[in-house]
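> sequence unknown, structure follows:
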């Protein structure tokens, strides 16, 4: 219909299950695409440039930061990661809906750059549940867990700046909710002005 | 959770299928209730006061109009019809979500009284399709049909004042869309402030 696609930002604390939910969403909903990140880390075996990541060298990445070419970026353990603005905008201009699955710091950056995006916060039902999930991963010391729980509570505060919150206490229900958010956003009058005008002007 | 329920207004031109969609919605979604209208027309066989309608006499109804007791009201063929404000507000205060299935004039009145409601416009895919649907009813003359098509186009203009538009060209898809709108509205951060505060404040 010539309407622009929408940017859907799925975020939340570590362990909330946003990756699993995004994969379900991509399988269920048509015309929905995952954004591809850029990074300066080396490609692993079987990772393909432009599919897994856009692999850039450090100079390239830093120049792009200076030029404002990222919707959001971060430096993690000496490597850069970021979401290329042009790649996302091209998809949106083609009418495709784009998902970004990012942490809450990244989401806050995207919110400043694209306030019209749809911001979905994935929340574990409560901090105790988050604690359980982090313990299950089995790769953390108790101190590290306590720190992450404290950080998660700080991150839950960020949920108040989002449009939607999905409590991921039941995966099926949470998947239905996130799917409903995408389908309902597509029904917003503000996203259907062109087709409405076509009907009103037709015959 | 102590959150207030939400008012969902389902409207659209005659023949758009809003009644069918509301019935499907009520069967599928929990904690959702249809508002009961008040009227001055006589009860038909098997109609029960407080279930089918609230049956009021003309004086009562006109006094309630004067007192501002209706979210919307109209006079149709010498009888009054209206949505009692107190009945709806009681359900909302109990945390129940309430559907109003009303015409576009009524919806415009509700919008003035309850701008925080969720306004869903049900649209046939185009005016030609509306024409077909009205013809199928078989009870109308050609002049009457032309008049309704012209009125429908006028009514489609009203869609631009709504939050959502559902194109009812495929009943299953339209039903999924209207269900998605209700489920996603329930995920709005603004409707979950109490539970979020409880998590943020808890242990």
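Here it is on my side, so go on. Note that this is a predicted model, so its numbers are computed, not measured.

> What's the first helix or strand after the least confident helix or strand in chain A by mean pLDDT?
Least confident helix or strand of chain A, by mean pLDDT, DSSP states H and E, is helix A:127-137 with a mean of 70. Later in the chain than helix A:127-137, the nearest helix or strand by DSSP states H and E is helix A:142-157.

> Tell me which other helices or strands the next helix or strand after that next one touches.
Counting by DSSP H and E, the next helix or strand C-terminal to helix A:142-157 is strand A:164-167. Packed against strand A:164-167 by the contact rule (3 or more Cβ pairs under 8 Å, 6 or more residues apart in numbering or on different chains; DSSP states H and E) you find strand A:118-123, helix A:171-186. Yep, even glycine has a C-beta here, placed from its N, CA and C like the rest.

> neighbouring strands for the first one, and are they parallel or not?
Same thing as strand A:118-123. With DSSP bridges as the test, strand A:118-123 is paired with strand A:7-11 (parallel), strand A:164-167 (parallel).

> which residues touch that strand?
With contacts defined as Cβ atoms under 8 Å, 6 or more residues apart in numbering or on different chains, strand A:118-123 is touched by A:6-13, A:16-18, A:21, A:104, A:107, A:111, A:156, A:158-159, A:161-168, A:174, A:178, A:181-182, A:185, B:187, B:189, B:196, B:199.

> Point out the most buried one among the helices and strands packed on strand A:164-167.
strand A:118-123 (a mean of 26; mean count of other Cβ atoms under 10 Å in any protein chain shown).

> so residue A:116 is in which element?
Per DSSP H and E, there is no helix or strand for residue A:116.

> What count of nearby residues applies to the closest residue to it other than its chain neighbours?
Nearest non-adjacent residue to residue A:116, counting by Cβ to Cβ, 6 or more residues apart in numbering or on different chains: residue A:7, 7.5 Å away. Residue A:7 has 23 neighbouring residues, counting by other Cβ atoms under 10 Å in any protein chain shown.

> I'd assumed residue A:113 was in contact with residue A:7.
No. Using Cβ atoms under 8 Å, residue A:7 makes no contact with residue A:113, being 9.6 Å away.

> Which positions in chain A make contact with chain B?
Within chain A, the positions near chain B by Cβ under 8 Å from any Cβ of the partner chain are A:120-121, A:123, A:125-128, A:153, A:156-157, A:159-160, A:162-167, A:176-177, A:179-181, A:183-189, A:192-193, A:195-196, A:199-200, A:202-203.

> need the contact list for residue A:3.
Here residue A:3 is in contact with A:95, A:191-195 (Cβ under 8 Å, 6+ apart).

> scratch that, residue A:79
Residue A:79 neighbours (Cβ under 8 Å, 6+ apart): A:39-41.

> Next, the angle strand A:7-11 makes with the strand or helix carrying residue A:89.
If you go by DSSP H and E, residue A:89 is part of helix A:85-93. Helix A:85-93 and strand A:7-11 are oriented at 120 degrees to each other (axes from the mean of the first three to the mean of the last three Cα atoms, to 10 degrees).

> So what touches the helix or strand following helix A:85-93?
Next along the chain after helix A:85-93, taking DSSP H and E as the criterion, comes strand A:97-101. Strand A:97-101 is contacted from outside by A:5-11, A:18-19, A:22, A:25-26, A:31-35, A:71-72, A:83, A:88, A:91-92, A:106-107, A:110, A:182, A:186, using Cβ under 8 Å, 6+ apart.

> now stretch A:178-189
Here stretch A:178-189 makes contact (Cβ under 8 Å, 6+ apart) with A:6, A:8, A:10, A:21, A:24-25, A:28-29, A:32, A:97, A:118, A:120, A:122, A:164, A:166, A:191, A:196, B:120-121, B:159-160, B:162-166, B:176-177, B:179-181, B:183-185, B:187.

> still on that earlier bit, any chance of the helices and strands packed on strand A:164-167 in JSON lines, plus mean pLDDT?
Listed next are the helices and strands packed on strand A:164-167 as JSON lines, based on pLDDT from 0 to 100:
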{"stretch": "strand A:118-123", "mean pLDDT": "96"}
{"stretch": "helix A:171-186", "mean pLDDT": "97"}
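
> Just put the ones you listed in CSV and tack on distance to residue B:132.
Output for these, formatted as CSV (distance: least, Cβ to Cβ, whole Å):
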stretch, distance to residue B:132
strand A:118-123, 35
helix A:171-186, 25
